[in-house]
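Colleague: Have a look; sequence and predicted model below, questions after that.
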Amino acid sequence: MGIYKKNNKTVQNSINRELKPSINTNYHNPDFSVFDNLVNPIIIVSENFFIQYMNVSAKKYFNEDRENFLNNKCYDYFSCVHKNNWKDCLIYDIHKTGMPHDISKTAKTCLRDDNVRVSLLKEEYEGMKHAVLEIFHTDSNVYNMIDDGINSVFMEIVQLADVGIFMFGEDFKITFANNAAAELLGLPMDKICGTDFREFLNNKKAVLFIEAITREIKDYNTVSCYSESHFIFGKENLNAVEMCIAKSGVKKFEYNLYVYLRNITKEIKLQDDFKQTNVFLKSLINSSADCIIASDIKGKIIIFNEAAEKLLGYTAEEAKNNIHISKIYKPGHAREVMMMLRSNDYGGVGKMETSESIIVDKDGNEIPSNLSASIIYDKNGDEVASMGIFYDLRGKKKMQKELEDIQMKLFQSEKMSSLGKLAAGIAHEINNPLGGIMIYTDLLLEELGSDNEKGEDLKRIASEAKRCKNIVKGLLEFSRQTGNMMSNVDINELLEQGLHLFENQPVFYNIKIIRDYDNTLPFVKCDSARLKQVFINLTQNAIDAMNEKGVFTIKTRFDGKKTEIIFSDTGTGIPDDIKQKIFDPFFTTKEVGKGTGLGLSMSYGIIKDHGGTINVKSEIGVGTSFIIELPIH
């Protein structure tokens, strides 16, 4: 034993160096001479069971010359059960499993049983693996010295580890703790070793865990781990620890247990911060009033916020599991969006500035929206997803339309006001000479008598002068130059009076009249004569539009603030380019002689004089509706 203690380092270094020889066909060239002076018999056997080497101790042990011993079969000298059976050779198992093991066998020429240690050389020689067979007494073993060296290196590695490592037996008394373990606990080593490991646990579940695992561990390859906050007593910044426990795989330490502790406080904090960030981002996305949708590169939706659910009618789960991103666009538009995103012309590659787009909801309705989008890249610059933010434009477009209508009405009102002033001036200028013409015409008729041949001409002059007088009267009505006779009037009754003028005429024979009156309608303060004139004018226009055949509907409604009167026909309708002109004085689409173009302009002036409004809705081939709204005074 003294020889080995003295030469332990030399032997170890020699073995490490000689276990990596170059391949050579001569068995002497793989230099196994390092084993020559070892006390224990050493034999090296190839994987085809031929003995390649024996040291001096082996020669003495078997009492054989080296020349006779070499190149014999392994099982000639190490019989197990059946002689000459290659499976009984001690190297069979090691070549099969690659694991070293100790086996007690009887050597052929030996009178006693000795232990045989079988190991496998790391390098191959002559293209084959070789096994080392060492015959030894338990108190004389080169591997014990090698194990001591390995244990020494192992202990140095354990001390350098940045995780706390403890060793203890079934009684939980700590037999070893490394520097990191002492650092974790904040205690000197003499306060740790010999202490029951369970005393350092301040969590009852952790104590139960380690006791249960200690009982249940059967295999040294099994490792069980447990982690929880406030796991052990230790420093103030030690809030979370991961503990793993394993059984020793070394036979002579059969009952030893290894535990390592790792401080995961920062890890847990990072995880918590990450979770909080995710919760915040999710809340931020869901709180957005705009629709936010993201999809991966295959078009699978991965983000679908609450605004998207409300706008498109899908649930988030339904969208993520069943809907491809292209389905929320019009056909082909999703591809166009991706082309724009990859182009440099719409805000730069990977980004798309706000532009108007159409998206489609669950029911197939097209929704105008503003879309801004971007591509999401990974750290390598590869596309991984795309995201779009959609702003519903329906409300904005509705407001724009209402504003345009108001602007148009304002423009129309200003235009009508200007035309009214002009018409009033013209009417006054024309009215005086027309009065003179009519007076002198009457005088001439009286003077000439009824039998005079020139009487017919004078009557025609008087008739045309009267017609001009009526036109002037209409202009004055339009310009509000006549007085109002205001009184509380039943609108439904006034409408009936107007209809009586037409109902029995031939023009109404093929027209169906529908009366839809609101019987709760309050009285309206108005000039009944002028308002009846408006109703008669709109009724006459409806008859002309339907060519005396169709359905004419009069409807009244009250919404609590104003009275609404609707005249609807099933006529030819009014083209869009004419709608803005129909209230202009002298504008008409009727044939010459059938209209003066003052009916609607006069009606517009009368309704406006009552503080109300008159508007038109029309569709070609369907019909026209005039809507009058009068305030309740």
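Modeller: Done, it's in.
Colleague: host element of Ala385?
Modeller: Here Ala385 sits within strand 383-392, counting by DSSP states H and E.
Colleague: Tell me which residues are up against that strand.
Modeller: Defining contact as Cβ atoms under 8 Å, 6 or more residues apart in numbering, one finds that strand 383-392 is touched by 288, 290-297, 302-303, 308, 311, 325, 337-338, 341, 354, 357, 359, 367-378. The way it works is simple: take the backbone N, C-alpha and C, and place the C-beta from them, glycine included.
Colleague: 7 Å instead?
Modeller: The contact list for strand 383-392, computed with Cβ atoms under 7 Å, 6 or more residues apart in numbering, reads 290-297, 302, 311, 338, 341, 359, 367, 369-378.
Colleague: Direction included, what does that strand pair against?
Modeller: Here strand 383-392 has these sheet partners by DSSP bridges: strand 291-296 (antiparallel), strand 366-377 (antiparallel).
Colleague: Redo these as CSV? Include mean neighbour count and mean pLDDT.
Modeller: Converted to CSV, these look like this (neighbours: other Cβ atoms under 10 Å; pLDDT from 0 to 100):
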stretch, mean neighbour count, mean pLDDT
strand 291-296, 20, 92
strand 366-377, 16, 92
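Colleague: Turn these into TSV, columns for distance to Glu199.
Modeller: Below are these laid out as TSV (distance: least, Cβ to Cβ, whole Å):
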stretch	distance to Glu199
strand 291-296	52
strand 366-377	52
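Colleague: Quick one: mean pLDDT for the strand holding Ala385?
Modeller: Strand 383-392 shows a mean pLDDT of 92.
Colleague: from the middle of its chain, how far away would the helix or strand where Ile268 lies be?
Modeller: For Ile268, the element it lies in under DSSP H and E is helix 265-287. On the basis of Cα atoms, centre = their mean, to the nearest Å, helix 265-287 sits 17 Å off its chain's mean C-alpha point.
Colleague: Alpha carbons only: can I get that helix in CSV?
Modeller: Output in CSV follows, covering the C-alpha atoms of helix 265-287 (Å, rounded to 0.1, in the frame of the first residue of the first chain):
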residue,chain,number,x,y,z
THR,A,265,-35.7,35.1,-6.2
LYS,A,266,-34.6,37.2,-9.2
GLU,A,267,-36.0,34.6,-11.5
ILE,A,268,-39.4,34.7,-9.8
LYS,A,269,-39.3,38.5,-9.8
LEU,A,270,-38.6,38.6,-13.5
GLN,A,271,-41.5,36.1,-14.0
ASP,A,272,-43.8,38.3,-11.9
ASP,A,273,-42.7,41.4,-13.8
PHE,A,274,-43.3,39.6,-17.1
LYS,A,275,-46.7,38.5,-16.0
GLN,A,276,-47.6,42.0,-14.8
THR,A,277,-46.4,43.5,-18.0
ASN,A,278,-48.5,40.9,-20.0
VAL,A,279,-51.5,41.7,-17.9
PHE,A,280,-51.0,45.4,-18.4
LEU,A,281,-50.5,45.1,-22.2
LYS,A,282,-53.6,42.8,-22.4
SER,A,283,-55.6,45.4,-20.4
LEU,A,284,-54.2,48.2,-22.6
ILE,A,285,-55.2,46.4,-25.8
ASN,A,286,-58.6,45.4,-24.5
SER,A,287,-59.3,49.0,-23.2
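Colleague: Buried ones in that helix, by neighbour count?
Modeller: Applying a neighbour-count criterion of 16 or more other Cβ atoms under 10 Å, one finds Ile268, Ile285, Asn286 buried in helix 265-287.
Colleague: The last one contacts Ile303, correct?
Modeller: No. Contact status for Asn286 versus Ile303: not in contact, 9.7 Å apart, counting by Cβ atoms under 7 Å.
Colleague: Put the alpha carbons of the strand holding Ala385 into CSV.
Modeller: What follows is strand 383-392, C-alpha atoms only, in CSV (Å, rounded to 0.1, in the frame of the first residue of the first chain):
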residue,chain,number,x,y,z
GLU,A,383,-41.5,38.3,-40.1
VAL,A,384,-43.4,36.6,-37.2
ALA,A,385,-46.7,38.5,-37.2
SER,A,386,-48.7,41.5,-38.4
MET,A,387,-50.9,43.8,-36.5
GLY,A,388,-53.7,46.2,-37.6
ILE,A,389,-55.6,49.0,-35.8
PHE,A,390,-59.0,49.7,-37.2
TYR,A,391,-61.1,52.8,-36.5
ASP,A,392,-64.8,52.6,-37.4
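Colleague: Which positions in that strand come out as buried?
Modeller: Buried residues in strand 383-392, counted by 16+ other Cβ under 10 Å: Ala385, Ser386, Met387, Gly388, Ile389, Phe390, Tyr391, Asp392.
Colleague: Contacts only, for the nearest residue to the first one once chain neighbours are set aside.
Modeller: Closest residue to Ala385 apart from its sequence neighbours, by Cβ to Cβ, 6 or more residues apart in numbering: Ile376 at 4.2 Å. With contacts defined as Cβ under 7 Å, 6+ apart, Ile376 is in contact with Val384, Ala385, Ser386, Met387.
Colleague: Can you tell me which of the residues you listed is nearest Gln407?
Modeller: Met387 (37.7 Å; Cβ to Cβ).
Colleague: Can you name the residues bridging to the closest one?
Modeller: Bridge pairing for Met387 (DSSP bridges) gives the partners Ala294, Ser374.
Colleague: Distance check, it against Ile285.
Modeller: Per Cβ to Cβ, to the nearest Å, Met387 is found 10 Å from Ile285.
Colleague: same question, Asp296
Modeller: From Asp296 across to Ile285, the span is 16 Å (Cβ to Cβ).
Colleague: what secondary structure does Met131 sit in?
Modeller: Check again: residue 131 is Ala, not Met. strand (DSSP: H, G, I helix; E, B strand; the rest coil).
Colleague: Model confidence score at it, please.
Modeller: Ala131 is assigned a pLDDT of 74 by the prediction.
Colleague: where do the helices sit along the stretch 51-200 of the chain?
Modeller: For the stretch 51-200 of the chain, the helices defined by DSSP state H, counting those that start in this stretch occupy 56-62, 66-69, 91-97, 142-160, 179-185.
Colleague: Give me the packing partners of the last one, helices and strands only.
Modeller: Right, helix 179-185. The helices and strands touching helix 179-185, judged by 3 or more Cβ pairs under 7 Å, 6 or more residues apart in numbering; DSSP states H and E, are strand 164-168, strand 257-263.
Colleague: Just give me how far that helix sits from the chain centre.
Modeller: Relative to its parent chain, helix 179-185 has a centroid offset of 46 Å by Cα atoms, centre = their mean.
Colleague: Mind checking what helix or strand follows it in sequence?
Modeller: Once the chain leaves helix 179-185, the next helix or strand it forms, by DSSP H and E, is helix 204-216.
Colleague: Could you double-check that Lys555 lies in contact with Thr563?
Modeller: No. Assessed by Cβ under 7 Å, Lys555 is found out of contact with Thr563, at 11.3 Å.
Colleague: These two: which has the busier surroundings?
Modeller: Thr563 (22 against 17; other Cβ atoms under 10 Å).
Colleague: Assess the claim that the more buried one and Thr613 are in contact.
Modeller: No. In this structure Thr563 lies outside contact range of Thr613 using Cβ under 7 Å: 11.7 Å.
Colleague: residue closest to the middle of this protein?
Modeller: The centroid of the chain falls nearest to Ile303 when counting by Cα atoms, centre = their mean (0.9 Å).
Colleague: Show me what the strand or helix carrying that residue is packed against.
Modeller: Ile303 is part of strand 301-304 when elements are defined by DSSP H and E. For strand 301-304, the contact count by 3+ Cβ pairs under 7 Å, 6+ apart identifies strand 291-296, helix 316-322 as packing neighbours.
Colleague: Residues in contact with the first one: which ones?
Modeller: The list of residues contacting strand 291-296 from outside it, by Cβ under 7 Å, 6+ apart, reads 285, 301-305, 307-308, 311, 325, 384-390.
Colleague: got JSON lines for the helices and strands packed on helix 179-185, with mean pLDDT, distance to Gln540 and mean neighbour count too?
Modeller: JSON lines is the format used below for these (pLDDT from 0 to 100; distance: least, Cβ to Cβ, whole Å; neighbours: other Cβ atoms under 10 Å):
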{"stretch": "strand 164-168", "mean pLDDT": "85", "distance to Gln540": "103", "mean neighbour count": "22"}
{"stretch": "strand 257-263", "mean pLDDT": "79", "distance to Gln540": "95", "mean neighbour count": "21"}
